[in-house]
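Asks: Quick one: sequence and predicted model below, then my questions.
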Amino acid sequence: MSGPEPPTETPGPDAPTWPTPPTYSNLGEVRAQLLPSKACRSRTSRPPLTDPQPLPPPLPKKTLARTQSLPTHRAPSSGPTPAGQPRRPYLGSHSVDESQAGDDRAWAPGPPAQPHIRSLDSLLGLGWPDLHRPEAVRAFLEAQQLEGLRTVHAQLRARLLGGRPGPCHPGHGFRLLDSSPCVDSGDALYYRLVRVGDEAWHMLAAKTRGHSPGNRGSEVPKPGAEEPHPWGLELQASLGPHFNLQGLCGLVPEDALPGAPWSGSVALAAEVPERTLTQWLSEVGRRPRPAEFPWVAALLLLQLTSALEHLEARGAALAELRPENLLLAAPRGCATAGPPRLLLADFGRVRPQPPGPPGPHAQQLSHLLGALLGPAAPSATPLAAGLETLAARLAHSRPSAAQARAALQVLLWGPGPALRGQGALLGPWLRVRRALLVLHLAERAAAGEAPGLEDWLCCTYLAEATEASLGHALALLWD
């Protein structure tokens, strides 16, 4: 037997309010669908199989109050409905017409409800009146493009930096993969090994050179290598993950690998290098340089300035920038044909930043850029000509690593010198460039092509760039 109907309540002053007028469903109809029917009562005119028991007297008929109704939530619109405009119907809801408010008859359901479709204002954040204002539509689309670009950038960053091994613990085991080093850099030898844990294994690199952070062990010094500065090694151990800074994840304990070509405990690098920048330049020099060489050189230098910018933000500087101590590795999840990942690993030459000009690395970057361009034909491409201009400006103006990085981004992805001094046009150029990049990434994704390292670097540029930063980069290059 069903229970009595609850009394009608009038909302009090503390009742919750809705941002927009709620759409109501009849509570009586809902209860009629949810409550079971009378126990043991036949709904047909057939005689019962056994003698029926006397039925209790029927309950008195009650009047259903239309004010007691159940609200069904819907997405709020961006604002109240303007006066004089009819209220739009909401698909998928059961609303009670105001003309039935005093009708005692049960509300008759209409045709089947249409599928729930989000209205344009809830989907876009725009009201219908806003669609008559092109500036509101344009501002919304620009904001969505920037938000989408930042989302793609964050997803690519998670993929490129994903799978980073955690610190070592006593339960880890180690297996040496090669008895000879995979890379012979200017300050260390690197050996490939596998660290095996309870649930995962990681390929790491044993770095056999210098003192370990925290004096927890020592590595075999490489013949001819200088003694590393402890301040830089301690800084390396304290830095968080950075795409262009070598990360350490502990030590290989002493005697963990019998027969290893070193003695004592050695540091573990999270990234396994493939070659040094010096070796890469030597390999490229053995054959005619391809037309895209300046592009790859600019991408490598862009990654180096990102690492140096991070050091400068920590009050540190690299005393000497040596190409033989810059490591190249394959970025995670990217095609092997793309540009390599550059890692700054020579923290033994990192010192506290000395007082003086804001660009402690500008002179060294200028020399390195000249070495990268090398015997290439001068001004063979607009990018090569721009890199030569940047090398001269680095030596003369001494900009910070952040300013040099912004100039490299402009050389790689624009704007060109035609917009120099055209501050009013930099904002529209930036918005159009963002829209084109989003479309380009969407077209490639539809074709099944995964974005790579160069796409992430370009997303980083356009997601961070402002009209002011573009103006400063253009002035550094061509004023």
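Replies: Here it is on my side, so go on.

Asks: burial measure for the nearest residue to Gly285 once chain neighbours are set aside, as a count.
Replies: Excluding the flanking residues, the one nearest Gly285 by C-beta to C-beta, 6 or more residues apart in numbering is Gly374, at 7.3 Å. The way it works is simple: take the backbone N, C-alpha and C, and place the C-beta from them, glycine included. By other C-beta atoms under 10 Å, 12 other residues sit near Gly374.

Asks: any idea how far Ala384 is from Gly374?
Replies: 11 Å (C-beta to C-beta, to the nearest Å).

Asks: next one: Val438
Replies: Distance, Val438 to Ala384, using C-beta to C-beta: 29 Å.

Asks: Check what pLDDT Thr20 gets.
Replies: Listed pLDDT for Thr20 reads 46.

Asks: what do you get for Gly338?
Replies: pLDDT, Gly338: 84.

Asks: Please apply the same query to Leu308.
Replies: For Leu308, the predicted pLDDT is 97.

Asks: And the strands in the stretch 101-250 of the chain?
Replies: 173-176, 183-184, 189-196, 201-208, 248-252 (DSSP state E, counting those that start in this stretch).

Asks: Nearest to His367, out of those strands?
Replies: strand 183-184 (22.8 Å; C-beta to C-beta).

Asks: Mean confidence (pLDDT) on that closest one, please.
Replies: For strand 183-184, mean pLDDT rounds to 94.

Asks: Arg195 contacts Gly173, doesn't it?
Replies: Yes. Contact criterion C-beta atoms under 8 Å: Arg195 and Gly173 qualify, at 7.4 Å.

Asks: between the two, who's got more neighbours?
Replies: Arg195 (21 against 11).

Asks: Bridged to the more buried one, which residues?
Replies: Phe174, His202 (DSSP bridges).

Asks: got the contact list for Pro340?
Replies: Contacts of Pro340 were listed using C-beta atoms under 8 Å, 6 or more residues apart in numbering, and they are 274, 280, 300, 328-331.

Asks: where do the strands sit along the stretch 351-479 of the chain?
Replies: Under DSSP E, counting those that start in this stretch, the stretch 351-479 of the chain gives no strands.

Asks: buried ones in stretch 245-263?
Replies: 245-253, 256-257, 260, 262 (16 or more other C-beta atoms under 10 Å).

Asks: One more: stretch 136-145?
Replies: For stretch 136-145, using 16+ other C-beta under 10 Å, the buried residues are 142, 145.

Asks: Now it: average pLDDT?
Replies: The model assigns stretch 136-145 a mean pLDDT of 87.

Asks: before we move on, the earlier item: in a markdown table, list the contacts of Pro340 along with distance to Ala424, neighbour count and pLDDT.
Replies: Listed next are the contacts of Pro340 as a markdown table, based on distance: C-beta to C-beta, whole Å; neighbours: other C-beta atoms under 10 Å; pLDDT from 0 to 100:
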| residue | distance to Ala424 | neighbour count | pLDDT |
| --- | --- | --- | --- |
| Glu274 | 46 | 16 | 96 |
| Trp280 | 42 | 20 | 94 |
| Leu300 | 34 | 21 | 97 |
| Leu328 | 41 | 19 | 97 |
| Ala329 | 43 | 18 | 95 |
| Ala330 | 43 | 16 | 92 |
| Pro331 | 38 | 20 | 91 |
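
Asks: and those residues, which two are the farthest apart?
Replies: Trp280 and Pro331 (14.8 Å).

Asks: Please report how far Glu142 lies from Gly427.
Replies: Glu142 is 10 Å from Gly427, by C-beta to C-beta.

Asks: Overlap in contacts, these two.
Replies: Common contacts of Glu142 and Gly427 (C-beta under 8 Å, 6+ apart): none found.

Asks: who has more neighbours, Val438 and Ala384?
Replies: Remark: of Val438 and Ala384, Ala384 carries more neighbours, 21 against 18, as counted by other C-beta under 10 Å.

Asks: What count of nearby residues applies to the closest residue in space to that one that isn't next to it in sequence?
Replies: Nearest non-adjacent residue to Ala384, counting by C-beta to C-beta, 6+ apart: Pro294, 4.4 Å away. For Pro294, the tally of surrounding residues (other C-beta under 10 Å) stands at 24.

Asks: And Pro294, which helix or strand is it part of?
Replies: Secondary structure from DSSP states H and E places Pro294 in helix 293-313.

Asks: Return the set of buried residues in that helix.
Replies: The neighbour-count check on helix 293-313 (16+ other C-beta under 10 Å) flags 293-312 as buried.

Asks: so where's this structure shaky on pLDDT?
Replies: Applying pLDDT under 70 to the chain flags the ranges 1-129, 210-225, 375-379.

Asks: mind listing the helices for it?
Replies: Along the chain, the segments classed as helices by DSSP state H run 27-34, 120-124, 134-161, 230-238, 277-285, 293-313, 362-373, 382-397, 401-413, 423-446, 453-464, 467-478.

Asks: Nearest to Pro354 among those would be which one?
Replies: Per C-beta to C-beta, nearest to Pro354 of the helices of the chain: helix 293-313, 11.7 Å.

Asks: what angle separates the closest one from helix 230-238?
Replies: Helix 293-313 runs at 100 degrees relative to helix 230-238, counting by axes from the mean of the first three to the mean of the last three C-alpha atoms, to 10 degrees.
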